[in-house]
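In: sequence and predicted model, in that order:
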Amino acid sequence: MAEYKSYSEQPHLHAQAPYRAAMLTYPGNLKKALRDAQADPAKTLFGVAHGIPSTFVTKLLASTKPDFIWIDVEHGMFNRLELHDAIHAAQTHSEGRALVIVRVPKHDELSLTTALDAGASGIVIPHVESAQEVKDMIKEMYYPPIGHRSFSPWTFTPGVSDASLYPNDSYNVATSNNHVCIIPQIESVKGVENVEEIAAVPGVSALMFGPGDYMIDAGLDLSNALGGEPHPTFAKAMGKFGAAAHANNLPIFGGALSVEMVPMLIQQGFRAIAVQFDVWGLSKLIHGSLTQARAAAQKVTAETNGQSNGAEQ
């Protein structure tokens, strides 16, 4: 009989989670993860976009150990408790490997507070159009002396669950201020006009572009939104966006419509890429299986009819 060894004695079983916090209910160090990826494209973060409001689905996604899970509260139907539990599930079931990024609806203080208190590592702010909006959001997202975020007494138990990676940080204020990222999303004509000033705001950790909303705002045809030759106006906007990110040494966060796009996105400055969207991935998987099954049924029917006709002759 093989010698028994406990889990703690077998480090090869442990998830490699270099950016996790001391406790899985606190934010992982997304700031450092993005800085490392910006310095070395081989360390680009790959994750999944999560829009299905189910912690069962969250656990499934987290079990694959992605670098991040991007929870979309702007368009996904997450209520406050589901969001809180999904963040905890993502970090627990990935064993600290998956950093959680949450896109909150603009001016939604409740979603923002819930995401931060639950331990989200990054906040995407949609529809950003000015540097002042980013500065105002920084005040909401960070504890003093950076901002005026309110401290929650319900996220820890003094003397029991207050471990921190930082000295003299029993309330994990330093953990949050040092780890959490603000990611402005540019998705309007005005936002593109002001992207240089937005990107230059101290404290911004990455930028995101919203192609669909930008095209609608710019009055462009959406038929090529998911592929094809980009409209010159769109290409110019993307060029300006990318130049602002590059000038400020900021990584770009976003999604890939296919894994084949990943090399191109990395070349464009993307350093955190969602390689699958849960809704799209599930739909395509089922659609593909149904298409194959129906084709197989038609083939069998055709072969059977051919054999029957041959026998009759």
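Out: Looks like it came in fine.

In: contacts only, for the nearest residue to residue 214 once chain neighbours are set aside.
Out: Leaving aside its sequence neighbours, residue 214 sits nearest to residue 187 (Cβ to Cβ, 6 or more residues apart in numbering; 5.0 Å). Quick note: C-beta positions are derived from backbone N, CA and C, even for glycine. Residues counted as contacts of residue 187 (Cβ atoms under 8 Å, 6 or more residues apart in numbering) are 126, 127, 209, 210, 211, 212, 213, 214, 217.

In: tell me where the stretch 151-300 of the chain has helices.
Out: Secondary structure of the stretch 151-300 of the chain, counting by DSSP state H, counting those that start in this stretch: helices at 173-179, 189-193, 195-199, 211-217, 232-247, 262-267, 278-312.

In: tell me what the fifth one is packed against?
Out: What that stands for is helix 232-247. Helix 232-247 sits against helix 189-193, helix 195-199, strand 207-209, helix 211-217, with contacts defined as 3 or more Cβ pairs under 8 Å, 6 or more residues apart in numbering; DSSP states H and E.

In: with the third one instead?
Out: For helix 195-199, the helices and strands in contact under the criterion 3+ Cβ pairs under 8 Å, 6+ apart are helix 131-141, strand 181-186, strand 207-209, helix 232-247.

In: who wins for proximity to residue 286 among these?
Out: Smallest distance to residue 286 across the helices and strands packed on helix 195-199 (Cβ to Cβ): 28.8 Å, for strand 207-209.

In: all strands of the stretch 51-200 of the chain, in order?
Out: Counting by DSSP state E, counting those that start in this stretch, the segments of the stretch 51-200 of the chain that form strands are 68-72, 99-103, 122-125, 181-186.

In: now distance to residue 298, mean neighbour count and mean pLDDT too, for these, in CSV please.
Out: Formatted as CSV, the strands of the stretch 51-200 of the chain follow (distance: least, Cβ to Cβ, whole Å; neighbours: other Cβ atoms under 10 Å; pLDDT from 0 to 100):
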stretch, distance to residue 298, mean neighbour count, mean pLDDT
strand 68-72, 38, 27, 98
strand 99-103, 43, 29, 98
strand 122-125, 45, 25, 98
strand 181-186, 45, 26, 98
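
In: contacts only, for residue 185.
Out: 103, 124, 125, 126, 127, 128, 207, 208, 209, 210.

In: show me where the stretch 1-150 of the chain has its helices.
Out: According to DSSP H, counting those that start in this stretch, the helices that the stretch 1-150 of the chain contains are 30-39, 55-62, 80-93, 109-118, 131-141.

In: returning to what we had before: which among the helices of the stretch 151-300 of the chain is found nearest to residue 43?
Out: Closest among the helices of the stretch 151-300 of the chain, using Cβ to Cβ: helix 262-267, at 10.8 Å.

In: now the strands of the stretch 51-200 of the chain in CSV, with distance to residue 83?
Out: Converted to CSV, the strands of the stretch 51-200 of the chain look like this (distance: least, Cβ to Cβ, whole Å):
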stretch, distance to residue 83
strand 68-72, 7
strand 99-103, 7
strand 122-125, 12
strand 181-186, 17
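
In: hey, which strand is longest across this structure?
Out: strand 270-277 (DSSP state E).

In: okay, angle between that one and helix 55-62 too, please.
Out: 130 degrees (axes from the mean of the first three to the mean of the last three Cα atoms, to 10 degrees).

In: returning to that earlier point: for the residue nearest to residue 214, give its distance to residue 49.
Out: To residue 49, residue 187 is 16 Å away according to Cβ to Cβ, to the nearest Å.
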